[in-house]
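>>> this one's structure only:
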């Protein structure tokens, strides 16, 4: 149960209550700030290697290479106030250059610009200490042995700089610390081909690299060159897969990376050449790091396409309040703000269902329907589809209006209702389970046996929709069981998560846009109590319906490996003797010990136990109640006191016009 203030607890237990339900629509995709892109420049510059950065004054500095008279020439521009109507057309010639590309980095007023001379070996750079208004002379940093490609650079808050480049068949890093350049350091990983590289500094030198591995798989990987944050100083972390494809007609190139102050955001280019002419494409994709994760965790939202065709990808850069995307002939901006639209005063009706998905099939989960007053036409141009909607149930208390944020929902549709007596907008929204249902595997994804635990696979799956996972309690098996697990092409994340949760006793619940892992156990303490005839400081019970089902199943038979043969039975004998056998068989070659088979049988039998009581009570809304809480029901009409149940579903029903504000709580075995 969510923690409530003393005044809010008192208000919801009082004999008379004044409802307050806060409803906000927030620009969120998963748990991250949603970016709505607006194109602010369209030009005619040819697409080629380019870069962008934003120094501390909010200006946008861009660099591009152009092929003119068979030579590669480097240009740079600075736009003081990048916004709609700004002039992005002037470019300043810098130098002749090569196919090594170009890199920009900045922090505060300091800006540094890298490129390679026409021999593709001599690294040049130029610096500014006044946000790119003026620049010092061009300097030579280093001359490499072989030709170089894919320059990428980042700058620390103290002015230290690290430049990365691909030379022959390795990636190298050269740092300037306290004003002194060191020698290039060679990485300790390997890829057969590197097709692009990006870096951003946040505690370490964080990298994204595209290319091909030794198995000729095309991919995008993250890595870290340590600065003492998550990785030791001057140490290279292992590469971790962001995207991987076995299709030799797919390539990934030219990633770009920035840190927006909370999470890393990524762009990359996907190229496909395996279909008919109309099937060819060169399309940028966007992604972002799952909030509350570290860069080393390598948790990224599933990359999604950007409506643009191009050869060299998108550069990404940020100022405190905006993110920019850039190609030579175009600039886009998005406001980096999580400002909410408060629709609380306009709520006419609200019905919120919070429940886990059904045990079988692909459906289940919660939903939200809200009707908003539109009598003033204030929602006539409603364009929030896909946005997060957050309902925070509450009451007017002695401390003012107080509420407790519940689980997040995301707007699926809206419809206008026009009647003689009213005009309204009805919003339909889905929860995290719905987001999981909408994600489908683009390819087969496989975890080999003994490589990742059920918990780690759950974390990865949730990250693909931008949802972090936090543990409130967990079983030992969710971390120790490391199955061979495959997600097939076209399979939804919902189906995969349900399969995973079917192997462990743990369950999921949600608070705002965060998933919480919980291990419900029969000895869990009571979270809250309801009373038919409440005295002071007791929560009223309005009505109840109490039932008990036969266990479905009451006998779990688990088959594991064949050599040696493993078979385990888990039986609820009282149930079996009453209704005879309700057998469920499990066959899983991941179960190679008797203990694992026993744990599987126990987990399935425990979930059958929780579902065996089909009871429901109606109460004045409890603002902190959530799935899997343990509650006590005191109902003298039914003839029992302090009877424990576990919450397996809840429904909030709010109607100011009908003066209705209550919850229906679905209850199972504690």
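Nice, I can see it. Note that the structure is predicted; figures quoted are calculated from it, not measured.
>>> Would you tell me which helix is longest in this protein?
helix 594-610 (DSSP state H).
>>> Can you give me the buried ones in it?
596-610 (16 or more other Cβ atoms under 10 Å). Where you see a C-beta, it was placed from the backbone N, CA and C, and this is true even at glycine.
>>> Please apply the same query to stretch 265-282.
265, 266, 267, 268, 269, 270, 271, 282.
>>> now stretch 130-140
Neighbour-count burial for stretch 130-140 [16+ other Cβ under 10 Å]: 131, 132, 135.
>>> helix, strand or coil for the last one?
Secondary structure assignment for residue 135 (DSSP: H, G, I helix; E, B strand; the rest coil): coil.
>>> Check what pLDDT it gets.
Listed pLDDT for residue 135 reads 98.
>>> Same question for the one 4 residues further on.
Residue 139 is assigned a predicted lDDT (pLDDT) of 98.
>>> OK, contacts around residue 73?
Residues in contact with residue 73 (Cβ atoms under 8 Å, 6 or more residues apart in numbering) are 65, 66, 67, 93, 95, 96, 97.
>>> For these, pick the one with the most neighbours.
Neighbour counts for the contacts of residue 73, by other Cβ atoms under 10 Å, peak at residue 65, which reaches 25 neighbours.
>>> For it, identify the helix or strand it belongs to.
For residue 65, the enclosing helix or strand under DSSP states H and E is strand 60-68.
>>> what does that strand rub up against?
Outside strand 60-68, the residues touching it (Cβ under 8 Å, 6+ apart) are 45-46, 48-55, 72-79, 82, 88, 91, 94, 97, 101-102, 104, 106, 111, 113, 115, 132, 315, 317, 319, 324, 326, 328, 331.
>>> how close does residue 335 sit to residue 34?
10 Å (Cβ to Cβ, to the nearest Å).
>>> Comparing the two, which residue is more hemmed in?
residue 34 (20 against 16).
>>> pLDDT below threshold where in the stretch 351-500 of the chain?
359-364 (pLDDT under 70).
>>> Stretch 458-474: end-to-end distance?
Using Cα to Cα, to the nearest Å, the end-to-end distance of stretch 458-474 comes out at 13 Å.
>>> Isn't residue 344 up against residue 350?
No. The criterion here is Cβ atoms under 8 Å, and residue 344 misses it with residue 350 at 10.4 Å.
>>> mind listing the helices for the stretch 501-650 of the chain?
According to DSSP state H, counting those that start in this stretch, the stretch 501-650 of the chain carries its helices in the segments 573-579, 594-610.
>>> Would you mind confirming that residue 238 makes contact with residue 221?
No. Checked against Cβ under 8 Å, the pair residue 238 and residue 221 is beyond contact range at 9.2 Å.
>>> Could you check which of the two is surrounded by more residues?
Taking other Cβ under 10 Å, residue 238 and residue 221 do not tie; residue 221 has more neighbours (22 against 13).
>>> Which strands and helices lie in contact with the host helix or strand of the more buried one?
Using DSSP H and E, residue 221 sits within strand 218-225. Where contact means 3 or more Cβ pairs under 8 Å, 6 or more residues apart in numbering; DSSP states H and E, strand 218-225 is packed against strand 204-212, strand 240-245, strand 250-259.
>>> Residue 588: what's it in contact with?
Here residue 588 is in contact with 483, 503, 558, 559, 560, 600 (Cβ under 8 Å, 6+ apart).
>>> Distance of it relative to residue 566?
Taken as Cβ to Cβ, the span from residue 588 to residue 566 is 10 Å.
>>> what are the ranges of the strands in the stretch 551-670 of the chain?
555-562, 565-571, 583-587, 615-620, 630-635, 640-655, 660-668 (DSSP state E, counting those that start in this stretch).
>>> Point out where the stretch 501-650 of the chain drops to low pLDDT.
Counting by pLDDT under 70, the stretch 501-650 of the chain shows no low-confidence range.
>>> One more pass at 90, please.
With pLDDT under 90 as the threshold, the stretch 501-650 of the chain has low-confidence stretches at 536, 547-552, 562-564, 574-575, 578, 607-614, 640.
>>> residues shared between the contacts of residue 588 and residue 566?
558, 559, 560.
>>> The residues you listed into CSV, with extra columns for neighbour count?
Output for the shared contacts of residue 588 and residue 566, formatted as CSV (neighbours: other Cβ atoms under 10 Å):
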residue, neighbour count
558, 24
559, 16
560, 21
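>>> just those now: which is nearest residue 416?
residue 558 (53.4 Å; Cβ to Cβ).
>>> quick one: that closest one from residue 566, how far?
8 Å.
>>> Same question for residue 194.
46 Å.
>>> Could you measure from the residue nearest the centre of the chain over to residue 32?
The chain has residue 466 as the residue nearest its centroid, 1.1 Å off, counting by Cα atoms, centre = their mean. Distance from residue 466 to residue 32, counting by Cβ to Cβ: 5 Å.
>>> list residues touching both of those two?
Common neighbours of residue 466 and residue 32, using Cβ under 8 Å, 6+ apart, are 288, 290, 291, 301.
>>> Farthest pair within those residues?
So, the shared contacts of residue 466 and residue 32 by Cβ to Cβ: farthest apart are 291 and 301, at 9.8 Å.
>>> Between those two, which is the more surrounded one?
residue 301 (24 against 20).
>>> quick one: pLDDT of that one?
98.
>>> Need the contact partners of stretch 498-510.
With Cβ under 8 Å, 6+ apart, stretch 498-510 has contacts from 356-357, 359, 407-408, 431-432, 454, 457-458, 461, 474-475, 477-478, 481, 483, 485, 497, 515-520, 588, 600, 602-604, 606-607, 626-628.
>>> Is it possible to mark the buried ones in these?
Applying 16+ other Cβ under 10 Å to the contacts of stretch 498-510 flags 356-357, 407-408, 431-432, 454, 457-458, 461, 474-475, 477-478, 481, 483, 485, 497, 515-520, 588, 600, 602-604, 606-607, 626-628 as buried.
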